[in-house]
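Asker: 3D, please:
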Amino acid sequence: MNRLAGKVAIVSGASRGIGAGIAEAMAAEGAHVIGCDILAFSSDHLAATRVLDVTDETSWLEIVADVQDTWGPVSILVNNAGITSPEAVHETSLEVWERVVGVDQTGVFLGMKAAIPSMRRGGGGAIVNVSSICGAAAVPGIAAYHAAKGAVLTMTKNAAITYAPDGIRANAILPGWIATPMTAGQTDAVNTVFLEATPLARPGTPADVAGAAVFLASDESDFITGVDLPVDGGYLAR
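Answerer: Residues are numbered from 1 along each chain as shown. Predicted coordinates:
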């Protein structure tokens, strides 16, 4: 229960779903976890919670500065906040495109940009970016989500190569169909497409993803960087 003892972690999108699962699992492993979300929330298990709009650079910089002043340099960054929208390319308005890409892609960029200087000062760290099976394989529609989650994979590899000399590792997780409020809000038709293509024939849980995130943030994965790790019940193996 001490795989992350003493480490300082920032987790975005931590109020519910995958983010809440990751934040609570990291806290259980001894990390000082600062859970962030655009929604105000509280938790008895985390060191602190903060309101964060991941598309706002100033908010990121303020949170990282506050975390560093209170707990020390950032050791772990989990970019988990995400949204989706069902439209195909010809149906996607510029407003929807910019909103989805802003949260799912630009939010990851801003999180890394804010946290990496703190990690450098601390002598290293681990970045875990939550992408999606939709970053690697396509289904009809959700054009903006596909574009943003695909970009997260290449952004993660870029960070892995660029910051390896600083002792900073960067890896991505690709969740499959996970039972969360976001997937609950999708249509039955969309959910059926994913579930029927999942060889393990069940929905994943936030705990499934959290286990992978803890591993990638821990010293157990000290020689792993630039990896795309599916947590998808075999979806991408088909």
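Asker: Ala115 - nearest residue in space that isn't next to it in sequence?
Answerer: Leu77 (4.3 Å; Cβ to Cβ, 6 or more residues apart in numbering). C-betas here are computed from N, CA, C, even on glycine.
Asker: ugh, typo on my part, it should be Ile224
Answerer: In space, and not counting its chain neighbours, Ile224 is closest to Asn171: 6.4 Å by Cβ to Cβ, 6+ apart.
Asker: so the one you found, which of the three states?
Answerer: strand (DSSP: H, G, I helix; E, B strand; the rest coil).
Asker: Surely it touches Leu216?
Answerer: Yes - Asn171 lies in contact with Leu216 (Cβ atoms under 8 Å); the separation is 4.7 Å.
Asker: Now the common contact residues for those two.
Answerer: Counting by Cβ atoms under 8 Å, 6 or more residues apart in numbering, the common neighbours of Asn171 and Leu216 are Ala126, Val128, Ile224, Val227, Leu229.
Asker: pretty sure Ala9 contacts Asn80?
Answerer: No - assessed by Cβ under 8 Å, Ala9 is found out of contact with Asn80, at 11.3 Å.
Asker: Now do the contacts for Ala126.
Answerer: Counted by Cβ under 8 Å, 6+ apart, Ala126 has contacts Ser75, Ile76, Leu77, Ile168, Arg169, Ala170, Asn171, Leu216, Ala217, Ser218, Ser221.
Asker: In helices, which of these fall?
Answerer: Mapping these onto helices (DSSP state H) picks out Leu216, Ala217.
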